[in-house]
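Peer 1: model the following, please.
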Amino acid sequence: MIYLVAIFIPPLALIIEGKIFQAVINAVFWILGIVFVILGGFILWAITIIHAVIVVHGARSDARTQKIVDAINTNKEN
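Peer 2: Numbering: from 1, shown residues only. All right, here's what the predicted structure looks like:
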């Protein structure tokens with residue numbers, strides 16, 4: 001679901017993942033891409049989508065890794 005949001009509204013997906021600064025930068029380029037779509041803004045728009053998908057994937061991956069580390073640390077304490 002979050003990947004669909006990243007495709008259609010990239011800044012919102014970044015805000016949902018808690019990446020506020022990246023969302024602001026992404027929003028600027030996303031809006032510029034939409035405004036200048038006739039003059040090649042499609043490239044900016046595509047870059048914002050790719051950026052959002054990569055950041056969302058990285059955040060999800062980091063969360064999975066942290067769960068594994070926490071599980072390992074819990075087992076070491078027991």
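
Peer 1: buried set for the biggest helix by length in the chain?
Peer 2: Counting by DSSP state H, the longest helix found in the chain is helix 41-77. Going by neighbour count (16 or more other C-beta atoms under 10 Å), the buried part of helix 41-77 is Gly41, Leu44, Trp45, Thr48, Ile49, His51, Ala52, Val53, Val55, Val56, Ala59. Where you see a C-beta, it was placed from the backbone N, CA and C, and this is true even at glycine.

Peer 1: and if you look at stretch 8-19?
Peer 2: Neighbour counts using 16+ other C-beta under 10 Å place Ile9, Pro10, Pro11, Leu12, Ala13, Leu14, Ile15, Ile16, Glu17, Lys19 of stretch 8-19 among the buried residues.

Peer 1: and Ala23, what does it touch?
Peer 2: Shown in contact with Ala23 (C-beta atoms under 8 Å, 6 or more residues apart in numbering): Pro11, Leu12, Leu14, Ile15.
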